[in-house]
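[1] Give the three-dimensional model of this entry:
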Amino acid sequence: MERHIDINDFNYNLPDERIAKFPLAERSSSKLLIYEDGNIAESNFRNVADYLPAGAMLIFNNTRVVRARIVMHKASGARIEVFCLEPHNPADYERAFAIKGESEWSCIVGNLKKWKEGEVGIDFEYNGEEHRLRAEIVERGTREHIVRFRWSAEITFGQLLETLGRIPIPPYLNRDSEELDNTRYQTVYARFEGSVAAPTAGLHFTPELISAMRDKGFSFEEVTLHVGAGTFLPVKDDDAAQHAMHTEHFIIRRATLENILHNVGNIVAVGTTSVRTLESLTALAWRIRECGTPNEECVVGQWELYDIPAAFGCKEVAETLIGYMRDNGLEQIKAATQIMITPLGYHFRIVNYIITNFHQPKSTLLLLVSAYVGDNWKRIYDYALANDFRFLSYGDSSLLKVSRK
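    Numbers count the residues shown, from 1 in each chain. As a prediction, the model looks like this:
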């Protein structure tokens, strides 16, 4: 099937002063735009429960942002910044953070022209002794490079990042990370390390708000999707269908799927990363239906879901995956996705409502919003711009509600 999406149809003027450079003092005091079947209203995020269906189930992405930026130096003194994207050897996130002595990561390198060969390094203290983290490029790519890290201290790579790394705040903030970013660029429910960008829709939630919503009958579940730097990549081709989506790794538990099955039609995805995770489940379930296995080693393809019958919905997806996991004694499934959700005929199967921030012009995230609300994304963004909403990662939020037959 030939696909074409003119990315220029998803452009809007975003003045720099409308980009929130810092978070508000109180997470839940951000503004909330409510879009429901063509109608737009606004409130405060702490009132989000008032605009959700009674007893709805909210699904968070519990990934944790790692301090993935390490500033190192050559022997000459040249400053080299290494931005760890995802583990290469070992490739599993848990093992990569727990390993000692040596680890290889796929990285973006700042000031690469000064690092033609040899090692770079940074000194640190551990148990009262001086140590050094060394790095060398073992495989060069066009944008990403495989970097091997070595260190002698009895410390894990995860501990090294916590000690030496910096939080990789989005490049469009045009500032260096600060101490407040270490806490405020994390959701309050972040648990599993692996992201280089926060699932920012969740930044508005506080423990108090979650507790109050539980008291009102709302339930909460979690998935894990490790957000990659590709989330910041602009669509450079005029035809967005030619944009190659990045790969992101995710985990979902059988217990979560069982709760989804009990809440079909009442699922609220908190953030586009939760949307991507939940919708990608359709591909795994369809593979089971067709081939007997989810083949989770094979990344969910960019357009794979567009070829699955629309009648294969949330109930069928959940039942298929739960049955497979029970039969095989699995408590969770790990997989990866390159899913691209666009207004080019995408059919939402799992997600009924979306909580999300306001996204960059010409971005794949804006395409996802358009796939859900149609051309009304323009009215939503015009309203937000005209009514002093703050944009992007540290900005305000929206609740999108569309009735579907």
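
[2] Okay, helices next: where are they in the stretch 101-250 of the chain?
    157-164, 181-184, 207-215 (DSSP state H, counting those that start in this stretch).

[3] To Asp123, which of those helices lies closest?
    helix 157-164 (9.5 Å; CB to CB). Heads up, the C-betas are built off the backbone N, CA and C, glycines and all.

[4] For the residue lying closest to His243 once chain neighbours are set aside, give its distance to Ala244.
    Leaving aside its chain neighbours, His243 sits nearest to Val235 (4.7 Å; criterion: CB to CB, 6 or more residues apart in numbering). Separation of Val235 from Ala244 (CB to CB, to the nearest Å) stands at 10 Å.

[5] now do Ala153
    39 Å.

[6] Looking at those two, which is more packed in?
    Neighbours were counted for Ala153 and for Ala244 using other CB atoms under 10 Å; Ala153 has more, 19 against 11.

[7] show me the contacts for that one.
    124, 126-127, 129, 131 (CB atoms under 8 Å, 6 or more residues apart in numbering).

[8] Can you add pLDDT and neighbour count and give the residues you listed back as a markdown table?
    Converted to a markdown table, these look like this (pLDDT from 0 to 100; neighbours: other CB atoms under 10 Å):
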| residue | pLDDT | neighbour count |
| --- | --- | --- |
| Phe124 | 92 | 16 |
| Tyr126 | 88 | 15 |
| Asn127 | 86 | 8 |
| Glu129 | 89 | 9 |
| His131 | 94 | 16 |
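
[9] In the residues you listed, find the pair that's most separated.
    Top of the distance list for the contacts of Ala153 (CB to CB): Phe124 and Asn127, 11.0 Å.

[10] average pLDDT across the lengthiest helix in the chain?
    Criterion DSSP state H: the longest helix present in the chain is helix 272-291. Per-residue pLDDT values across helix 272-291 average out to 97.

[11] Please spell out which residues along it are buried.
    For helix 272-291, burial by neighbour count (16 or more other CB atoms under 10 Å) applies to 272-288.

[12] the domain parsing of the chain - what is it?
    Per the record, the chain has its domains at 7-65+182-401, 69-165, by automatic domain parsing.

[13] would a markdown table of the ones you listed with distance to Asn174 be doable?
    Below are the domains of the chain laid out as a markdown table (distance: least, CB to CB, whole Å):
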| stretch | distance to Asn174 |
| --- | --- |
| domain 7-65+182-401 | 8 |
| domain 69-165 | 15 |
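
[14] Go through the ones you listed and pick out the most buried.
    domain 7-65+182-401 (a mean of 19; mean count of other CB atoms under 10 Å).

[15] residue closest to the middle of the protein?
    By CA atoms, centre = their mean, the chain has its centre lying nearest to Val227, at 3.6 Å.

[16] ok, that residue touching Phe192?
    No: between Val227 and Phe192 there is no contact under CB atoms under 8 Å: 11.7 Å.

[17] Give me the common contacts of the two.
    Common neighbours of Val227 and Phe192 (CB under 8 Å, 6+ apart) are Thr63.

[18] picking up where we left off before, how close does the residue nearest to the centre of the chain sit to Gly77?
    34 Å.

[19] Any stretches of the stretch 101-250 of the chain with poor pLDDT?
    232 (pLDDT under 70).

[20] Now do the strands in the stretch 251-400 of the chain.
    267-270, 332-337, 353-357, 397-401 (DSSP state E, counting those that start in this stretch).

[21] Which among those strands is found nearest to Ser29?
    Nearest to Ser29, of those and by CB to CB, is strand 397-401 at 11.1 Å.

[22] what's next to the closest one, contact-wise?
    By CB under 8 Å, 6+ apart, the residues outside strand 397-401 that reach it are 30-37, 45, 48, 51-52, 201, 204, 353-358, 369, 372-373, 380, 384.

[23] could you redo the last one with a cut-off of 6 Å?
    30, 32-36, 45, 51, 204, 353-357, 372-373 (CB atoms under 6 Å, 6 or more residues apart in numbering).

[24] ditto for stretch 17-37
    Against stretch 17-37 from outside (CB under 6 Å, 6+ apart): 41-43, 45-46, 48, 51, 173, 184, 204, 206, 209, 380, 384, 389-392, 394-401, 403.

[25] same thing with stretch 54-61?
    189, 199, 202, 217-223, 225, 263, 266-271, 273-274.

[26] Just the CA trace of it, in PDB.
    C-alpha atoms of stretch 54-61 as PDB (Å, rounded to 0.1, in the frame of the first residue of the first chain):
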ATOM      1  CA  ALA A  54     -16.300   7.100  36.600                       C
ATOM      2  CA  GLY A  55     -14.100   4.100  37.500                       C
ATOM      3  CA  ALA A  56     -11.700   4.600  34.500                       C
ATOM      4  CA  MET A  57      -8.300   2.900  34.600                       C
ATOM      5  CA  LEU A  58      -5.300   5.100  34.000                       C
ATOM      6  CA  ILE A  59      -2.200   3.500  32.600                       C
ATOM      7  CA  PHE A  60       1.200   5.000  33.500                       C
ATOM      8  CA  ASN A  61       4.600   4.400  31.900                       C
END
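
[27] Begin at 840 from now on, thanks
    Okay, residue one is now 840; in that scheme the one you just asked about reads as stretch 893-900.
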